[in-house]
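quick one, structure for this:
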Amino acid sequence: MSKDLVVLTDISRTYQKGKEKVEVLHKLDLTIEEGDFLALMGPSGSGKTTLLNMLGGLDKPTSGSVRVGNDELQNMSSSALSRWRANNIGFIFQFYNLLPVLTAQKNVELPLLLTNLNGKERARRAATALSIVGLEDRANHYPRELSGGQEQRVAIARAIVSDPNLLLCDEPTGDLDRETADEILQLLQALNRDHNKTIVMVTHDAQAAEYAKHVLHMDKGTLATEVAA
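Numbers count the residues shown, from 1 in each chain. Model (predicted):
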């Protein structure tokens, strides 16, 4: 029986813009079960990325509570959140964010530098992550020597190398052609299905959303009716 991994309760997020306050999230409730693959859709400015940042502890609500696993994120200090993210969250972005001066292997190892693992164990785990995404033969290649799809696979390997509970994907296929995008989405599906990774993916692409188990639409900081994928 699945258990709840994420519980957001009565979340609001307001920013100060000059003299006025802008509410990006409004009294939002959301529960995500362990092992789910959720796609978040909606127009620009609807609050999707802000919500994703809440789940990853990159932003805090103005009011309400964010629970991931057994941790209440709104009560944690910045340093505690940094340690928590290193152990629990994998981020996948549209533009890969790989360091050009490092090989694929070393890029994947980066999150492990925040742990107490020695160099040999970091290398072993990075090699395993690259194998999972099908790039073990590209370990010593630099980003400039890889295709866009391969760069995103390296980014995914980096996201899973610490064996996080939750993968947060912000437009992960937005910079890829359709065929390569589908390959990346199939990889995310496999991580969800075969490795029980819980995935939340922000996307504007209706075809990408079809790979998820559930689709939620956001509008003006609130969640609309769920659509079955």
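
the helices in this protein, which residues?
Per DSSP state H, the chain has helices spanning 48-55, 78-88, 104-109, 119-132, 148-160, 178-194, 206-209. These are given in chain order.

could you give the bridge partners of the residue nearest the centre of the chain?
In the chain, the centroid-proximal residue (C-alpha atoms, centre = their mean) is Leu168; its distance is 1.2 Å. Beta-bridge pairing for Leu168 (DSSP bridges): Phe91, Val200.

quick one: low-confidence parts of the chain?
By pLDDT under 70, the weakly predicted segments of the chain are 1-2, 225-229.

go again using 80 as the cut-off
Filtered on pLDDT under 80, the chain yields the residue ranges 1-2, 94-96, 114-116, 175-176, 224-229.

follow-up on the earlier one: so for Ile32, which of the helices of the chain sits nearest?
Closest of these to Ile32 is helix 48-55, at 8.3 Å (criterion: C-beta to C-beta). C-beta coordinates here come from the backbone N, C-alpha and C atoms, glycine included.

so what's the residue count around the nearest residue to Arg138 once chain neighbours are set aside?
Nearest-residue entry for Arg138: Ala104, 5.3 Å, with adjacent residues in sequence omitted and distances by C-beta to C-beta, 6 or more residues apart in numbering. Ala104 is flanked by 29 other residues according to other C-beta atoms under 10 Å.

with Ala127 instead?
For Ala127, the neighbour count with other C-beta under 10 Å is 17.

now do Thr31
12.

before we move on, back to that, tell me how far the residue nearest to the centre of the chain lies from Ala190.
18 Å (C-beta to C-beta, to the nearest Å).

likewise for Asp177?
20 Å.

ok, Met201 next?
Noted for Met201: a distance of 14 Å to Ala190, by C-beta to C-beta.

neighbour-wise, which of the two wins?
The neighbour comparison of Met201 against Ala190 (other C-beta under 10 Å) goes to Met201, with 27 against 14.

what lies in contact with stretch 28-36?
Contacts to stretch 28-36, defined as C-beta atoms under 8 Å, 6 or more residues apart in numbering, come from residues 2-12, 38, 47, 51, 64, 165, 192, 196, 198-200, 213-214, 216, 221-223.

count the residues that sit near the closest residue to Arg67 other than its chain neighbours.
Closest residue in space to Arg67, ignoring its immediate chain neighbours: Val7 at 4.5 Å, by C-beta to C-beta, 6+ apart. By other C-beta under 10 Å, the residues close to Val7 number 15.

go ahead and confirm Val7 touches Gly69.
No: assessed by C-beta atoms under 8 Å, Val7 is found out of contact with Gly69, at 9.8 Å.

distance of Gln186 relative to Gly149?
Separation of Gln186 from Gly149 (C-beta to C-beta): 11 Å.
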